[in-house]
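>>> structure for this input, please:
(2 chains)
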Amino acid sequence: MNHVREFRRAQKLSQLALAKEIGVARQTINLIENGKYNPSLDLCLKLAWALGTDLNSLFWRNQNEDENE
Amino acid sequence: MKTRTNESLRDHCVRIVFGIPGPLDEYARQELGRISTNILAFIAVVQLIGLGVALWVSARYGDAAAFNTLVSIILLSLVGALGFYGTRSLSRAQLTRREVSAADYARVRRHQLHRTSWTTIISTAGYGLLNWLWSSGESLAHLTVTDWLQLIIFGFGFFIVMYVNNVLSIKRYTE
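Here you go, the predicted structure:
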């Protein structure tokens, strides 16, 4: 699972506001936060820029997290 | 060519044809691509089989029966693929969902009534035109009461189905 939701809430942004900022639908943000959709690198970068962080902080997960899924 | 919202004309047409209210972002394109590929494969297979069936019918019952069989199979495959599978898949992918806030819900619902009315008028006119062309283009004066009644029933049924579908697609979003 990623940390998009945590960073979004820290920025006090709604899903709709974040979606409008990066040019996607609100459902797409919801699907990304729930781990049901893997965004492209381009979209990952846009998310990182919009949330004022980097890709590692948003999307990195340890190998044991991967195996448990 | 760009539309008012800086969206290409092709994307605008795709959104209208598939009934997608939101932007055509990468998720929407990916799902549309997957659904379209499945629809294309289904139609291709069914129509190849239909061609074989039509050839058999032609040998046994003549060309007129074969033609009617082929047209029926083509229409059924299109209705099945687009009407059932396509509609269901787009709904499951949440692409046709119209998300609104609680404050906007009533306004959007009223807008759906207006939109459905126009769609019904255009579709009923198209249906009437197709029927008229199918009947060898006879003069409108030759249309019977039954023909007009058929048109009214089509329009009424179409409106009910489309309105219910459009209203059900409106969702009050929660985060």
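
>>> residues from chain B in reach of chain A?
B:22-23, B:25-28, B:94, B:97, B:99, B:173, B:175 (CB under 8 Å from any CB of the partner chain). Quick note: C-beta positions are derived from backbone N, CA and C, even for glycine.

>>> widest-spaced pair of those residues?
Spatial extent of those (CB to CB) is set by the pair B:E26 and B:E175 at 21.0 Å.

>>> in chain B, what residue spans correspond to strands?
B:98-100, B:170-172 (DSSP state E).

>>> contact partners of the first one?
When you say that, I think you mean strand B:98-100. Contact with strand B:98-100 is made by A:26-27, B:21-22, B:108, B:166, B:169-173, as judged by CB atoms under 8 Å, 6 or more residues apart in numbering or on different chains.

>>> try 6 Å this time
Contacts to strand B:98-100, defined as CB atoms under 6 Å, 6 or more residues apart in numbering or on different chains, come from residues A:26, B:21, B:108, B:169-171, B:173.

>>> partner strands of it, parallel or antiparallel?
Looking at strand B:98-100 with DSSP bridges, its partner strands are strand B:170-172 (parallel).

>>> pull the distance from the longest helix along chain B to the chain's centre.
Longest helix in chain B, counting residues (DSSP state H): helix B:26-61. Its chain's C-alpha centre and that of helix B:26-61 lie 17 Å apart, by CA atoms, centre = their mean, to the nearest Å.

>>> can you point out the buried residues in it?
Using 16 or more other CB atoms under 10 Å in any protein chain shown as the test for burial, helix B:26-61 gives B:27-28, B:31-32, B:35, B:39, B:42-43, B:46-47, B:50, B:54, B:57-58.

>>> domain map for chain B?
Chain B is divided into the following domains under automatic domain parsing: B:1-96, B:99-175.

>>> out of those domains, deepest packed?
Highest mean neighbour count of the domains of chain B: domain B:1-96, a mean of 14 (counted as mean count of other CB atoms under 10 Å in any protein chain shown).

>>> for the domains of chain B, which has the smallest mean pLDDT value?
Confidence, taken as mean pLDDT, is least for domain B:99-175 of these (a mean of 83).

>>> now the longest helix seen in chain A - C-alpha only, CSV.
As assigned by DSSP H, the longest helix anywhere in chain A is helix A:41-50. Output in CSV follows, covering the C-alpha atoms of helix A:41-50 (Å, rounded to 0.1, in the frame of the first residue of the first chain):
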residue,chain,number,x,y,z
LEU,A,41,5.5,7.0,-13.7
ASP,A,42,4.3,10.3,-15.1
LEU,A,43,1.2,10.3,-12.8
CYS,A,44,3.4,9.3,-9.8
LEU,A,45,5.7,12.3,-10.4
LYS,A,46,2.7,14.6,-10.7
LEU,A,47,1.4,13.2,-7.4
ALA,A,48,4.8,13.7,-5.7
TRP,A,49,5.0,17.3,-7.0
ALA,A,50,1.5,18.1,-6.0
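
>>> angle of it against helix B:26-61?
Calculated by axes from the mean of the first three to the mean of the last three CA atoms, to 10 degrees, helix A:41-50 forms an angle of 150 degrees with helix B:26-61.

>>> remind me what the longest helix of chain B packs against, helices and strands.
helix B:63-78 (3 or more CB pairs under 6 Å, 6 or more residues apart in numbering or on different chains; DSSP states H and E).

>>> still on that earlier bit, A:N2: which of the contacts of strand B:98-100 is nearest?
Using CB to CB, the contacts of strand B:98-100 come closest to A:N2 at A:R26, 16.9 Å.
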